[in-house]
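Novice: Quick one, structure for this:
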Amino acid sequence: MAPKTEDPVTPFFDMVGMALSGDPVMLRGMAATLGSFSIRLLVALLILGVTLWLAGRLGKLAERALSRLPSHHQQADKTLATFVSTLVKYVVIAIGLVAVLQQLGVQATSVLAVLGAASLAIGLALQGTLGNVAAGVMILLLRPYRAGDRVELNGRQGKVVGMDLFNTKLVDYDGLTLYLPNGKVFGDMIVNISQAGRRRIELVFGVDYEDDLDVALATLIELAEADPRVLKQPAPWAKVTAAGDSSVSVTLRCWASPDDWMDTRFDLTKQAKETLEARGLSFPYPHQVVVERADVRPKARAVS
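Specialist: Predicted coordinates:
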């Protein structure tokens, strides 16, 4: 016959019943227990209040400190400041909640274990999104480009018009709006066209072997120096760079701002062609020379 087990809830009701019956010992015990719990509860509420106040205060201090850093564009700095401020708030609140749970007698290690498992599951489910967020944070911290810069990202050139923790918004030269995930942008080569403040123009022209090369070089330098969009430093450069099959290549190198680069390059190409022709230089077409030779092979004799 199995031994009779006692319900664990019974002693609690017995103690309550004895306290309600007026037992002074039980009344003092319950009063002491309630007093101790009340003190713990008040301390926990105080810790929670201080935690919320401190989280808001530190978040504002972090946002204010980042906003005072030297910046070139307000949008990127505001995004970074908002993210860091929110991160500081949540970290302080998490630490405060652990302290509150410990004050109430809850084992913080078990809670942290549950939170760690939940965080792992969420991280595995959203690893692509979290990767974009991490890359966005690195872009905002390292600042390889800012909104307004002309860049080349993932093989596409354009102007950055917006950026956040997930995507970089790019408008290319065809007027298309591209949303590039920060994870792919940060993991590939980033070319910042605007950062140096200048971009080189290189134009190659083929002139006839009979033409005066000095006239061609002087003409190219003259056209570059006459264009106000061409930078004075570095100075324009023109040299003979190759001797081809049917022409001699003369090359002009000069610099312009990234915003003027395309128009300046096309305008100089048109002006150089017209000016060189006006000064008697020619652009020979590629041609082939056909050389006929006598057939020296012996003729086959007919077999009788």
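
Novice: what about Pro236, neighbour count?
Specialist: 20 (other Cβ atoms under 10 Å). To be clear about C-beta, it is placed using only N, CA and C from the backbone, and glycine gets the same treatment.

Novice: Now do the same contact list for it.
Specialist: Leu220, Ile221, Ala224, Glu225, Val230, Leu252, Arg253, Cys254 (Cβ atoms under 8 Å, 6 or more residues apart in numbering).

Novice: Show me which pair in these is furthest apart.
Specialist: Glu225 and Arg253 (13.0 Å; Cβ to Cβ).

Novice: okay, these two: which has more neighbours?
Specialist: Set Glu225 next to Arg253 and count neighbours by other Cβ under 10 Å: Arg253 wins out with 18 against 13.

Novice: Quick check: the gap between that one and Arg198.
Specialist: Distance of Arg253 to Arg198, computed by Cβ to Cβ, to the nearest Å: 12 Å.

Novice: Ignoring the adjacent residues along the chain, who's closest to Lys239?
Specialist: Thr251 (6.0 Å; Cβ to Cβ, 6 or more residues apart in numbering).

Novice: and what of Val100?
Specialist: The shortest distance from Val100 to any non-neighbouring residue, by Cβ to Cβ, 6+ apart, is to Ala44 (4.7 Å).

Novice: Confirm the one you found sits in a strand?
Specialist: No. In this structure, Ala44 is helix, not part of a strand, as judged by DSSP: H, G, I helix; E, B strand; the rest coil.

Novice: Assess the claim that it and Gln103 are in contact.
Specialist: Yes. Applying Cβ atoms under 8 Å as the test, Ala44 and Gln103 come out as touching, 4.4 Å apart.

Novice: Flag every buried residue along the helix or strand where Ala216 lies.
Specialist: Take DSSP states H and E as the rule and Ala216 turns out to sit in helix 213-226. Neighbour-count burial for helix 213-226 flags Ala216, Leu217, Thr219, Leu220, Ile221, Leu223, Ala224 (criterion: 16 or more other Cβ atoms under 10 Å).

Novice: picking that back up, output the contacts of Pro236 as a markdown table; include the columns pLDDT and distance to Asp208.
Specialist: Shown next, in a markdown table, are the contacts of Pro236 (pLDDT from 0 to 100; distance: Cβ to Cβ, whole Å):
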| residue | pLDDT | distance to Asp208 |
| --- | --- | --- |
| Leu220 | 94 | 16 |
| Ile221 | 94 | 20 |
| Ala224 | 94 | 22 |
| Glu225 | 93 | 25 |
| Val230 | 94 | 27 |
| Leu252 | 95 | 18 |
| Arg253 | 95 | 22 |
| Cys254 | 95 | 24 |
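
Novice: now the residues you listed in JSON lines, with distance to Val185?
Specialist: As requested, those are exported to JSON lines (distance: Cβ to Cβ, whole Å):
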{"residue": "Leu220", "distance to Val185": "38"}
{"residue": "Ile221", "distance to Val185": "40"}
{"residue": "Ala224", "distance to Val185": "35"}
{"residue": "Glu225", "distance to Val185": "39"}
{"residue": "Val230", "distance to Val185": "32"}
{"residue": "Leu252", "distance to Val185": "34"}
{"residue": "Arg253", "distance to Val185": "31"}
{"residue": "Cys254", "distance to Val185": "31"}
